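1. my questions concern the predicted model and sequence given below.
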Amino acid sequence: MSLSKLQGVKLPASADFHVHLRDGDMMDLVTPTIRQGGVNTVFVMPNLVPPVTTVDRALDYQRRLQAIEPNVNFLMSLYLHETITPEVIIDAKKRGIAGVKSYPAGVTTNSSSGVVDYSLFYPVFAEMERQDMVLNIHGECPSQGDVTILSAEERFLPTLIQIHEKFPKLRIILEHCTTAAAVEAVKKCGPSVAGTITAHHLSLIVDAWAGDPFCFCKPVAKTPADRDALLRAATSGNPKFFFGSDSAPHQAASKRGGDKIAAGVFTQPYTTQVVIDSFEQACENGILKEDNITPEIIEGFMSKFGRAFYGLEEEKKEFITLEKKGEKIANILQSENVDVVPFRRDQNTWSVSWSS
């Protein structure tokens, strides 16, 4: 079974509501690959070193990204930190910052300045609710006691529910959902709560990252049942679920070993393609039905629902065309100073071209 009916299908450009573009040489290498993945709008993560905790720094970062790729709409975020106050939120809203990203302390790349106690930020959340700003949550508990990387997301879900109950109109995104429990939690919340799903979590399970460091990310991929729940959510037509790749480039050497393997999967040049690949594989495995994978379903997940949640209006409508013509994912991307290995390197994938 294949999705041959998608051959030549024209879709609105994809929007990716969770990207890591780094800084310096890595930023220069990966930012030009955004449009290769059929994407013209990205929500940029603030976990640089040091983290982006001021509006001025976020806007400077945006200017530098736009200088590299002027044909992408970069939505900027602040890193939730003790220096973020209600006054900062008011200023951020006025100056076009799209959201505030919460990282639990120490759970992922550059998260050492993250949140320990969410109740300390209730005044900030209250102002975000008033200003109609988005709270983007990396929903995991730190590994300690009986909490492991396999249970960290599910153990965080009561905190999500608690924040939502306290601030019912606050727009919250549970980012990179990896479990069936997370999908159900998002569904049970009101319309102000949504969840993003990555490209790689639509195909990976725990065995993949246990044997391949290039499949290792935080939160980690879980069981086949969890992956299947993500696939069904992504193709359900439910506007609560939309695309956020969590594409996270690391130097190839830092993924291959050393003292610690870096957490992150790099999908940026092939985000739309890898999602379609995952849907196709799921149809072949009987997890999804080919009849249910329509252009409308893909458009909703990859573009429409996320843009609507963020309240975006496109100044210039752009389109992409899907084709299967034997394209292979690159083995490695490199410049003079940095290199990064793409997810599913050397494997066949769909092709994306820009259309008028």
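-> Thanks, I have it. Residues are numbered from 1 along each chain as shown.

2. give me the element Ile297 is part of.
-> Ile297 is part of helix 295-299, with elements assigned from DSSP states H and E.

3. check which element follows that helix along the chain.
-> Counting by DSSP H and E, the next helix or strand C-terminal to helix 295-299 is helix 305-310.

4. avg pLDDT for that following helix?
-> Helix 305-310 carries an average pLDDT of 98.

5. show me which residues of that helix are buried.
-> 305-307, 309-310 (16 or more other CB atoms under 10 Å). Just so you know, the C-beta spots here come from the backbone N, C-alpha and C atoms, and that holds for glycine as well.

6. quickly check the residues you listed for the two that are furthest apart.
-> Phe305 and Tyr310 (9.9 Å; CB to CB).

7. before we move on, back to that, may I see the buried residues of the helix holding Ile297?
-> For helix 295-299, by 16+ other CB under 10 Å, it's 297-298.

8. how far does that helix sit from its chain's centre?
-> The chain centre lies 18 Å from the centre of helix 295-299; the measure is CA atoms, centre = their mean, to the nearest Å.

9. Pro70 belongs to a helix?
-> No - read with DSSP: H, G, I helix; E, B strand; the rest coil, Pro70 is coil and lies in no helix.

10. for it, give me phi and psi.
-> Phi and psi for Pro70, reported as degrees, to the nearest 10, are phi -70, psi -10.

11. can you dump the C-alpha coordinates of stretch 252-269 into PDB?
-> Extracted in PDB, the C-alpha atoms of stretch 252-269 (Å, rounded to 0.1, in the frame of the first residue of the first chain):
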ATOM      1  CA  ALA A 252      28.000  14.700  14.300                       C
ATOM      2  CA  ALA A 253      30.800  14.000  16.800                       C
ATOM      3  CA  SER A 254      28.600  15.000  19.800                       C
ATOM      4  CA  LYS A 255      25.900  12.500  18.600                       C
ATOM      5  CA  ARG A 256      28.300   9.700  18.100                       C
ATOM      6  CA  GLY A 257      29.600   9.600  21.700                       C
ATOM      7  CA  GLY A 258      32.100  11.000  24.100                       C
ATOM      8  CA  ASP A 259      31.200  11.700  27.700                       C
ATOM      9  CA  LYS A 260      27.500  12.200  26.800                       C
ATOM     10  CA  ILE A 261      25.400  11.800  23.700                       C
ATOM     11  CA  ALA A 262      23.600  15.000  22.700                       C
ATOM     12  CA  ALA A 263      19.800  14.800  22.700                       C
ATOM     13  CA  GLY A 264      18.200  15.900  19.400                       C
ATOM     14  CA  VAL A 265      17.100  14.700  16.000                       C
ATOM     15  CA  PHE A 266      17.800  16.800  12.900                       C
ATOM     16  CA  THR A 267      14.900  16.800  10.400                       C
ATOM     17  CA  GLN A 268      14.900  20.400   9.100                       C
ATOM     18  CA  PRO A 269      15.600  19.900   5.400                       C
END
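
12. and that stretch, which residues are buried?
-> Going by neighbour count (16+ other CB under 10 Å), the buried part of stretch 252-269 is 252, 255, 262-269.

13. between these, which sits nearest Met26?
-> Nearest to Met26 among the buried residues of stretch 252-269 is Phe266, at 10.1 Å by CB to CB.

14. do you know how far the closest one is from Ala330?
-> Counting by CB to CB, to the nearest Å, the separation of Phe266 from Ala330 is 10 Å.

15. got any residues that touch both of these two?
-> Jointly contacting Phe266 and Ala330 under the rule CB atoms under 8 Å, 6 or more residues apart in numbering are Pro342.

16. circling back to that earlier point, adding distance to Tyr61, write the buried residues of helix 305-310 out as JSON lines.
-> Output for the buried residues of helix 305-310, formatted as JSON lines (distance: CB to CB, whole Å):
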{"residue": "Phe305", "distance to Tyr61": "26"}
{"residue": "Gly306", "distance to Tyr61": "21"}
{"residue": "Arg307", "distance to Tyr61": "22"}
{"residue": "Phe309", "distance to Tyr61": "23"}
{"residue": "Tyr310", "distance to Tyr61": "18"}
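
17. which of the residues you listed sits closest to Phe167?
-> Within these, proximity to Phe167 (CB to CB) peaks at Phe309, which comes in at 16.2 Å.

18. residues touching that closest one, list them.
-> Phe309 sits next to 134, 171, 173, 194, 239, 242 when contact means CB under 8 Å, 6+ apart.

19. returning to that earlier point: now tell me what touches the helix holding Ile297 from outside.
-> Counting by CB under 8 Å, 6+ apart, 6, 9, 11-12, 235, 237, 275-276, 279 sit against helix 295-299.
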